[in-house]
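Undergrad: sequence and predicted model, in that order:
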Amino acid sequence: MNRNCGALSRIVLLLSLILLCGLALPGRPAAELRETPMLAAQVAAGTLPPVAARVPLVPDVVEDIESIGRPGGEMRMLMASPKDTRIMVVYGYARLVAYKPNLEIVPDMLERVEVEGGRVFTLHLRPGHKWSDGQPFTSEDFRYWFEDVAGNKEVSATGLPVVLMPHGEPPRFEVLDEHTVRYTWVQPNPLFLPALAGASPLYIYAPAHYLKPFHKKYADKERLAALVKEAGVRNWSALHNKKEAMYKNDNPEQPTLEPWVLKTRPPSDRLVFERNPYYYRVDSSGQQLPYIDRVVFSVANSKIIPAKTGAGESDLQARYLSFDDYTFLKASETQNGYKVLLWRTGSGSQLALYPNLNVDDETWRQVVRNARFRRALSLATDRHEINQAIYFGLASEGQNTVLPQSPLYRPEYRQAWAEFNVAEANRLLNEIGLKWGDDGLRHLPDGRPIDIVIEDSGESRDKGDVTELIRDSWRKIGIRLFTRPMQLTLFRRRVFSGQTLMSIAKGVENGLPTADISPWEFAPTAQQQLQWPKWGQYFETKGQAGESPELPAAKRLLALYEAWLGAADAAERGQTWQEMLRIWADEVYSIGLIAGVPQPVVVSTRLRNVPEKGMYNWDPGAHFGMYKPDTFWLDDTPAPAASATPASPPG
């Protein structure tokens, strides 16, 4: 489970929304609806209802777009794995509530939301909203998920997600009518709306009409047994979970609410998504969105995606591109019909090192749990060299923490243990008894040389360049560094199981929080946190898996997170944030390197409504999702040539 990250410096406070009596966007009626050309023949043949019968009675009318588009066309993108089908859920960004580019949370699929005291949430669906197969999207889909999926131990062994139990107690769930549901907590739940708006959203609904034939409560027993046998799975619940994969998005048979519907069953090297004929959004001229008929993912090795992008084989690309591709991509703009934008990134650090405090090796576990060891590694890292050599001096050097644009920022957090100071690093290592050997290396208490293998998922080339520079500086403190890139699934499995000693990955996702944004990333709350995966898993599973935190400072962070959940006001939440950030900075649970590295975004000169300036961030943001790619459109009229400015890094 994933959770949640003016312009950027003025993030709208979640609880300021809660203070309102409701969260709603009063929309105006759309113009007379116009049929989509791609679907006109099916409508004429009677195999598809007309557009007025496909969209909700009160559709979501988009008005804040640069230009009204023309429907049609195929948008090409490059991906590195058939599993990247899930990226279309991120980019499509159809959510019950969603972030706007100013990071305000507003209704999206929902017609409106009423919030009372931060603890009672009444969700109003759009009457007439349908799944992609034409079946109604109603409160039954919410009831089915709450009672028959999350509430069934055979389907969901751990029960409700943690975000629905912020104080250990589940909400009271009510179906008020066909289009209205209500969730009531005894205490406020500030996590609820951000989770619904997340890049990997909290799904509190499921297509009941599609899934009931795979659920023992509703299915014919003999028929269900035959389906289980045919699918080659253990039991009916495994079959149900395989079919119910809204985020994975790898089952073409499962109906969706996203703008595009998967048409190709993975694995395949060409994945096709076609427009959802029952999509809930229209533009102000009465055209049903999305504008683009089809999105096609071509699967290629991640290492050649920058080259293929530079050859003009993608209409919209940022995934698998990094800053060091900028000069090359810029040089090919004119001849290959695209432009290279540079979007801001919102993570606390472009890259950070994560010592695994849950590593299986007992000797190493004792060493990495010593804060002096982590501080020494940080002091022995030459961030200025990394910035100059790889990022042309454009990045911000320092730890993995909140960015200067956040009201919670303090310079001392970013500067803590971040000065390049080999002498002090050696002093700390001497102090904890890691002695030099005759081989010119430091040794562990059991006599082994201190060889650190840094593992990564191999998704970006700059990781290798960065670790090469760190290898040289760490050698000055008697530590050898090795790297081991691997496939993402294997990488996660090794980290989660304790086989990995140290990893390199992006820093905290949300580097721009306010006091009312959850500080979950700074406490052991999720298995995906690379520095303490087993402690995070323990919290996520409510103690059913993983391990309970052992270090006092980590326990304190978890207690502070719980205190934040129950804080009475923004001032108290801000004080809690500050204590968490102080502990995080001093304990160096992750070793931040640099932040603020621009993200290249390659856009075809034919593609319209893509912002020139944007924030490329996972959560909040969903990468392109926050900018509503359903409003992007392909213009086949002649476009001005791309800039012929000589390639150079941005200044």
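TA: Here it is on my side, so go on.
Undergrad: please make it C-alpha for all contacts and neighbour counts, starting now.
TA: Noted.
Undergrad: show me where this protein dips below the pLDDT cut-off.
TA: 1-31, 459-460, 637-651 (pLDDT under 70).
Undergrad: so after the longest helix seen in it, what's the next helix or strand?
TA: Determined from DSSP state H, the single longest helix within the chain is helix 570-587. Downstream of helix 570-587, the next assigned helix or strand under DSSP states H and E is strand 591-595.
Undergrad: note down every partner strand of that next one and its orientation.
TA: If you go by DSSP bridges, strand 591-595 pairs up with strand 351-355 (antiparallel), strand 396-397 (antiparallel).
Undergrad: now do the strands in the stretch 551-651 of the chain.
TA: Counting by DSSP state E, counting those that start in this stretch, the stretch 551-651 of the chain has strands at residues 591-595, 599-604, 607-608, 615-616, 633-634.
Undergrad: so how far is residue 77 from residue 331?
TA: According to Cα to Cα, to the nearest Å, residue 331 and residue 77 sit 20 Å apart.
Undergrad: so which of the strands of the stretch 551-651 of the chain gets nearest residue 357?
TA: Residue 357 lies closest to strand 591-595 among these, at 13.1 Å (Cα to Cα).
Undergrad: I'd like the strands of the stretch 551-651 of the chain as TSV, with distance to residue 438 and mean neighbour count appended.
TA: Putting these into TSV (distance: least, Cα to Cα, whole Å; neighbours: other Cα atoms under 10 Å) gives the following:
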stretch	distance to residue 438	mean neighbour count
strand 591-595	29	28
strand 599-604	45	25
strand 607-608	62	18
strand 615-616	49	24
strand 633-634	66	24
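Undergrad: could those strands go into TSV alongside distance to residue 250?
TA: Output for these, formatted as TSV (distance: least, Cα to Cα, whole Å):
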stretch	distance to residue 250
strand 591-595	34
strand 599-604	26
strand 607-608	27
strand 615-616	25
strand 633-634	25
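Undergrad: quick one: which of those is nearest residue 91?
TA: With distances scored as Cα to Cα, the stretch of these nearest to residue 91 is strand 615-616 (11.5 Å).
Undergrad: what lines up beside the longest strand along the chain in the sheet?
TA: Longest strand in the chain, counting residues (DSSP state E): strand 338-345. Partner strands and pairing direction for strand 338-345 (DSSP bridges) are strand 599-604 (antiparallel), strand 615-616 (parallel).
Undergrad: same list, the ones you listed, but as a markdown table with distance to residue 204 please.
TA: Listed next are the strands paired with strand 338-345 as a markdown table, based on distance: least, Cα to Cα, whole Å:
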| stretch | distance to residue 204 |
| --- | --- |
| strand 599-604 | 32 |
| strand 615-616 | 26 |
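Undergrad: quick one, which of those is nearest to residue 153?
TA: strand 615-616 (37.8 Å).
Undergrad: put together TSV for the strands paired with strand 591-595, with distance to residue 158 on each row.
TA: Formatted as TSV, these follow (distance: least, Cα to Cα, whole Å):
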stretch	distance to residue 158
strand 351-355	27
strand 396-397	41
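Undergrad: so of those strands, which one's packed in deepest?
TA: strand 351-355 (a mean of 25; mean count of other Cα atoms under 10 Å).
Undergrad: gap between the two ends of stretch 123-137?
TA: Start and end residues of stretch 123-137 are separated by 13 Å (Cα to Cα).
Undergrad: outside of that stretch, which residues touch it?
TA: 54-59, 109-114, 138-139, 179-182, 207, 209, 255-257, 261, 276-280 (Cα atoms under 8 Å, 6 or more residues apart in numbering).
Undergrad: swap in stretch 627-637?
TA: Defining contact as Cα under 8 Å, 6+ apart, one finds that stretch 627-637 is touched by 65, 69-75, 91-93, 100-101, 259, 289-292, 606-611.
Undergrad: which of these are buried?
TA: In terms of neighbour count (16 or more other Cα atoms under 10 Å), the buried residues within these are 65, 69-75, 91-93, 100-101, 259, 289-292, 606-610.
Undergrad: after the helix or strand harbouring residue 211, which helix or strand is next?
TA: Assigned by DSSP H and E, residue 211 belongs to helix 208-211. Using DSSP H and E, the helix or strand that follows helix 208-211 in sequence is helix 221-231.
Undergrad: what comes up buried for that following helix?
TA: So, applying 16+ other Cα under 10 Å, buried residues of helix 221-231: 224-225, 227-228.
Undergrad: what packs against it?
TA: helix 236-243 (3 or more Cα pairs under 8 Å, 6 or more residues apart in numbering; DSSP states H and E).
Undergrad: still on that earlier bit, of the buried ones among the contacts of stretch 627-637, which belong to helices?
TA: Judged by DSSP H, the subset of these located in helices is 91-92.
Undergrad: how far does stretch 143-154 stretch from one end to the other?
TA: 17 Å.
Undergrad: what sits against residue 99?
TA: Contact analysis of residue 99 by Cα under 8 Å, 6+ apart lists 105-106, 197, 620-621, 626.
Undergrad: switch to 6 Å and redo it
TA: Neighbour list for residue 99: residue 105 [criterion: Cα atoms under 6 Å, 6 or more residues apart in numbering].
Undergrad: what is it paired to in the beta sheet?
TA: Here residue 99 sits in beta bridges with residue 105, going by DSSP bridges.
Undergrad: neighbours of residue 67, how many?
TA: Residues near residue 67, counting by other Cα atoms under 10 Å, number 12.
Undergrad: any buried residues in the helix or strand harbouring residue 373, and which?
TA: Assigned by DSSP H and E, residue 373 belongs to helix 371-379. Within helix 371-379, the residues scored as buried using 16+ other Cα under 10 Å are 372-379.
Undergrad: could I get the phi/psi values of the closest residue to residue 260 other than its chain neighbours?
TA: In this structure, residue 260 finds its nearest non-sequential neighbour in residue 275, 4.4 Å apart by Cα to Cα, 6 or more residues apart in numbering. When read as degrees, to the nearest 10, the backbone of residue 275 gives phi -60, psi 140.
Undergrad: list the contacts for residue 531?
TA: Listed by Cα under 6 Å, 6+ apart, the contact set of residue 531 reads 354-357.
Undergrad: picking that back up, tell me which of the strands paired with strand 338-345 lies nearest to residue 486.
TA: Closest approach to residue 486 among the strands paired with strand 338-345 (Cα to Cα): strand 599-604, 23.0 Å.
Undergrad: can I get the CA coordinates of that closest one in CSV?
TA: C-alpha atoms of strand 599-604 as CSV (Å, rounded to 0.1, in the frame of the first residue of the first chain):
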residue,chain,number,x,y,z
GLN,A,599,13.6,16.2,-14.9
PRO,A,600,13.7,16.1,-18.8
VAL,A,601,10.3,15.7,-20.3
VAL,A,602,10.2,15.1,-24.0
VAL,A,603,7.0,16.2,-25.8
SER,A,604,6.1,15.8,-29.4
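Undergrad: how far off centre is that strand?
TA: Taking Cα atoms, centre = their mean, to the nearest Å, one finds strand 599-604 lying 19 Å from the centre of the chain it belongs to.
Undergrad: which SS state does the residue of the chain most remote from its centre fall under?
TA: Distance from the centre of the chain peaks at residue 438, with 47.1 Å (Cα atoms, centre = their mean). At residue 438, secondary structure determined by DSSP: H, G, I helix; E, B strand; the rest coil is coil.
Undergrad: quick revisit: which of the strands paired with strand 591-595 sits closest to residue 240?
TA: Across the strands paired with strand 591-595, closest to residue 240 is strand 351-355 (Cα to Cα), at 35.8 Å.
Undergrad: show me what secondary structure element comes after the closest one.
TA: Downstream of strand 351-355, the first helix or strand assigned by DSSP H and E is helix 362-368.
Undergrad: now that next one: buried residues?
TA: In helix 362-368, counting by 16+ other Cα under 10 Å, buried: 364-365, 367-368.
Undergrad: cool, stretch 175-185 as well?
TA: Counting neighbours by 16+ other Cα under 10 Å, stretch 175-185 gives 175, 179-185 as buried.
Undergrad: adding secondary structure and distance to residue 513, write those out as CSV.
TA: Listed next are the buried residues of stretch 175-185 as CSV, based on DSSP: H, G, I helix; E, B strand; the rest coil; distance: Cα to Cα, whole Å:
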residue, secondary structure, distance to residue 513
175, strand, 34
179, coil, 33
180, strand, 31
181, strand, 30
182, strand, 28
183, strand, 26
184, strand, 26
185, coil, 24
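Undergrad: no further queries at this time; thank you.
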